[in-house]
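Asker: This is the structure alone, sequence omitted:
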């Protein structure tokens, strides 16, 4: 009995069909992998948005405004009450010498930025000062001794050029007496809030106005609400409205400079 072998044509057809089947299976597998990566990226972005909302919400509810009448006491006595009130009521007035803003919504390098002072540390761990940090002729103080914690919420371009990153950046206090050296090394490290930002917009609401530039020192200059709109590179969009809360007080808690070379209490 003669066995019939596959002809060349049949072999070629079988190879073509097999390649088509393998190609289809490979395409499906690659599509599933891409879908998994997209879903994983979206899950990460959603987690980052949640972290961003929580941290910013805590910060805006724990603001530390300057004591009432701080602006009036810092301005020249030659100004009338109407002139002082006009300065105080201006949403983005000129800086006042000797008074750093406690809430500053503006731009830096064309990117929206929010600088604020909170009554507690919101993100990151404050590092203790070293026993070797005192310098001759100066008293040194670390972040542990502060009553107000200054930080900026700012956008930074990503190194790969694909979108931007949103960071919480602790800053040194701005009303430290000249005889005291603040130890910046005790500040927490910057905290990355969102690594894939496509766009971001801050809006403040004051007296029925929508503002994107605000400079505030006392609580009466603060907006009632702040809206944050953010879009991720993956296409997620969020819009949050935050109600502001504050407590008046000093940023450093030191109205008088201590004696030269003396230690500061309350430092870790």
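Answerer: Here it is on my side, so go on. A quick note: this is a predicted structure, and the numbers were derived from the prediction, not measured.

Asker: So for the strand or helix carrying residue 20, mean pLDDT?
Answerer: Using DSSP states H and E, residue 20 sits in helix 8-61. Averaging pLDDT along helix 8-61 gives 82.

Asker: which strands and helices sit next to the helix or strand that it is followed by?
Answerer: Next in sequence after helix 8-61, counting helices and strands by DSSP H and E, comes strand 63-65. Packing partners of strand 63-65 (3 or more CB pairs under 8 Å, 6 or more residues apart in numbering; DSSP states H and E): strand 111-118, strand 246-248. Heads up, the C-betas are built off the backbone N, CA and C, glycines and all.

Asker: redo that, cut-off 10 Å
Answerer: Contact partners of strand 63-65 among helices and strands, from 3 or more CB pairs under 10 Å, 6 or more residues apart in numbering; DSSP states H and E: strand 103-108, strand 111-118, strand 246-248.

Asker: hang on, the earlier thing: starting at the chain centroid, how far to the helix holding residue 20?
Answerer: 31 Å (CA atoms, centre = their mean, to the nearest Å).

Asker: oh, and call the first residue 250 from now on, that's how I've got it
Answerer: In the new numbering, first residue 250, that becomes helix 257-310.

Asker: hmm, back to that, adding distance to residue 276 and mean neighbour count, write the helices and strands packed on strand 312-314 out as TSV.
Answerer: Converted to TSV, the helices and strands packed on strand 312-314 look like this (distance: least, CB to CB, whole Å; neighbours: other CB atoms under 10 Å):
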stretch	distance to residue 276	mean neighbour count
strand 352-357	46	18
strand 360-367	41	21
strand 495-497	58	17
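
Asker: Tabulate these in JSON lines, adding columns for mean pLDDT.
Answerer: Converted to JSON lines, the helices and strands packed on strand 312-314 look like this (pLDDT from 0 to 100):
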{"stretch": "strand 352-357", "mean pLDDT": "95"}
{"stretch": "strand 360-367", "mean pLDDT": "96"}
{"stretch": "strand 495-497", "mean pLDDT": "94"}
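
Asker: Which of those sits closest to residue 335?
Answerer: strand 352-357 (19.3 Å; CB to CB).

Asker: would residue 446 count as being in a strand?
Answerer: Yes: Residue 446: assigned to a strand according to DSSP: H, G, I helix; E, B strand; the rest coil.
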